[in-house]
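> Any chance you can model this:
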Amino acid sequence: MGPQRVPKDDPRVQLLGEVDELNAFLGCAVSSASDSEIAEVVAAVQSTLFALGAEIAAIGSDRANSVPKITQKQVQELEQAIDRYNSQLPPLRRFILPGGTACAAVLHIARAVCRRAERTAVALSRSYEINAFVLPYLNRLSDLLFVLARLANAKAGAADREWKP
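Below you'll find the predicted structure:
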């Protein structure tokens, strides 16, 4: 956002805060993960989110072209991870409730925060030109976090809690 002052309710500031909140919850997930593969995947996402924060902060400034950008390759990597981990899980027959292990519960919270960040990015895109891969990245990330939450439960031997209407 550069040296100019912007209001606290500027959509860029709002999105930055949500990405920061998401990253903090992912830190909790890494800390509580009993599976090293899940911890490594989530830690890698944290680094990408840090770069995404820099990209968001640069929107509308003279630094916009000099910061790293989310790429199509990063979106594709999320999709591949979703497919890889989802193939290790039983198919969903009902909606599931957030919970299970501590790691899975935090991943479900992170998923919800990620979806909010995606909605805020949509609102931001109405006022500012944003990288075309930011929205798909956040969308696919929320799906990956859902799959990782289920995987964390499965690897710990904890069943997903199914919603019973």
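> quick one: average pLDDT of the longest helix that the chain contains?
Counting residues, the longest helix in the chain under DSSP state H turns out to be helix 102-127. Per-residue pLDDT over helix 102-127 has a mean of 97.
> Over to stretch 143-152?
On average, stretch 143-152 scores 98.
> coming back round to it: what's the following helix or strand after the longest helix of the chain?
With elements assigned by DSSP states H and E, the helix or strand that comes after helix 102-127 is helix 134-156.
> Show me what that next one is packed against.
Other elements packing on helix 134-156 under the criterion 3 or more Cβ pairs under 8 Å, 6 or more residues apart in numbering; DSSP states H and E are helix 36-58, helix 72-86, helix 102-127. Glycine gets a C-beta too; all of them are placed from N, C-alpha and C.
> any chance of those in CSV, plus mean neighbour count and distance to residue 19?
CSV is the format used below for those (neighbours: other Cβ atoms under 10 Å; distance: least, Cβ to Cβ, whole Å):
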stretch, mean neighbour count, distance to residue 19
helix 36-58, 18, 5
helix 72-86, 15, 14
helix 102-127, 20, 6
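> For this structure, name the helix or strand with the lowest mean pLDDT.
strand 161-162 (a mean of 89; mean pLDDT, DSSP states H and E).
> Tell me which residues are up against that one.
The contact list for strand 161-162, computed with Cβ atoms under 8 Å, 6 or more residues apart in numbering, reads 93, 94, 95, 96, 97, 99, 100.
> Tell me who's in contact with the first one.
In this structure, residue 93 makes contact with residue 162, judged by Cβ under 8 Å, 6+ apart.
> what are the phi and psi values for it?
When read as degrees, to the nearest 10, the backbone of residue 93 gives phi -110, psi -20.
> Repeat that for the fifth one.
When read as degrees, to the nearest 10, the backbone of residue 97 gives phi -90, psi 140.
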